[in-house]
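Asks: just need the structure, nothing else, for what follows:
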Amino acid sequence: MYRFVLGIVLAAFPLFVYLLHEHLAPHFLVAGFALLGGLRLASVSWADRTWQWLLLTALAVYCVVVIFTSFTVLKLYPVLINSAAAAYCLYTLRFPPSAIERLSRFMGLAVSRPAVLYMRRLTMVWSVFFVGSGIVAAYTAFAASTAVWALYNGCISYLLIALIFAVEYPVRRAYQRKHGTAQT
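Replies: Numbering: from 1, shown residues only. Predicted structure coming up:
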């Protein structure tokens, strides 16, 4: 439950920035973000602790940069998340198995041969989404008001993710029927 709450609070971080940016100095927002992000990263069980330390170090460096630069850099957090997700998806497309296949196997699902191709294509869809969302997030960070930035990064981007899930589910079910596969 603790990790879930931290995840929700971090997902809502753009809304907190919007509500508090006129009342708190950016370094206080960064301190809160660093604390929450550090707790969230520390709460995850990692098979390879190297990734955990790498991400914690990246979080610390990002927070230090924000403290010594500008408020705009604070608003680049969603750009970094989208960039990391896109990079991971693209990496797994270059070095299989794909991100979706890895996630499915991690969740204990059996992955059939036809499902591998479907999951690869779905990983491509997510790659495009993360690149596009990162571009919009960067635009809102540099060229839009904090209200527009918070609206896109704290609401619209999540609605777009939900839309992808809503569209993908019937496509997946049709693919399963066509190929006679179980869960993919």
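
Asks: pull the longest helix from this protein.
Replies: helix 113-143 (DSSP state H).

Asks: could I get the average pLDDT for the helix or strand following it?
Replies: Once the chain leaves helix 113-143, the next helix or strand it forms, by DSSP states H and E, is helix 146-151. For helix 146-151, mean pLDDT rounds to 96.

Asks: repeat for stretch 160-168
Replies: Per-residue scores along stretch 160-168 average to 97.

Asks: what comes up buried for it?
Replies: For stretch 160-168, a neighbour-count test (16 or more other C-beta atoms under 10 Å) marks residue 168 as buried. The way it works is simple: take the backbone N, C-alpha and C, and place the C-beta from them, glycine included.

Asks: give me the contact list for that stretch.
Replies: Around stretch 160-168, the neighbours that count as contacts under C-beta atoms under 8 Å, 6 or more residues apart in numbering are 122, 125, 126, 129, 133.

Asks: repeat that for stretch 55-71.
Replies: For stretch 55-71, the external contacting residues (C-beta under 8 Å, 6+ apart) are 21, 26-27, 30-31, 33-34, 37-38, 41-42, 73-74, 77, 80.

Asks: would you mind checking these for buried ones?
Replies: 21, 26, 30, 33, 34, 37, 38, 41, 73, 74, 77.

Asks: show me what contacts the last one?
Replies: In this case it means residue 77. 13, 14, 33, 62.

Asks: ok, for residue 134, nearest residue in space, not its chain neighbours?
Replies: In space, residue 134 comes closest to residue 82 once its chain neighbours are excluded; the distance is 3.3 Å by C-beta to C-beta, 6 or more residues apart in numbering.

Asks: roughly how far does residue 91 sit from residue 129?
Replies: 16 Å (C-beta to C-beta, to the nearest Å).

Asks: which of those two has more neighbours?
Replies: residue 129 (19 against 12; other C-beta atoms under 10 Å).

Asks: now do the more buried one, the pLDDT please.
Replies: 98.

Asks: repeat that for residue 77.
Replies: As predicted, residue 77 sits at a pLDDT of 89.

Asks: list the buried residues for the helix or strand containing residue 6?
Replies: Residue 6 belongs to helix 2-11 when assigned by DSSP H and E. Neighbour-count burial for helix 2-11, counted by 16+ other C-beta under 10 Å, picks out 6, 9, 10.

Asks: name the SS class of the most centrally placed residue in the chain, please.
Replies: By C-alpha atoms, centre = their mean, the chain has its centre lying nearest to residue 81, at 5.0 Å. The three-state label given to residue 81 by DSSP: H, G, I helix; E, B strand; the rest coil is helix.

Asks: tell me who's in contact with it.
Replies: Residue 81 touches nothing, counting by C-beta under 8 Å, 6+ apart.

Asks: distance of it from residue 134?
Replies: 8 Å.

Asks: got it, and residue 86?
Replies: Distance from residue 86 to residue 134, by C-beta to C-beta: 6 Å.
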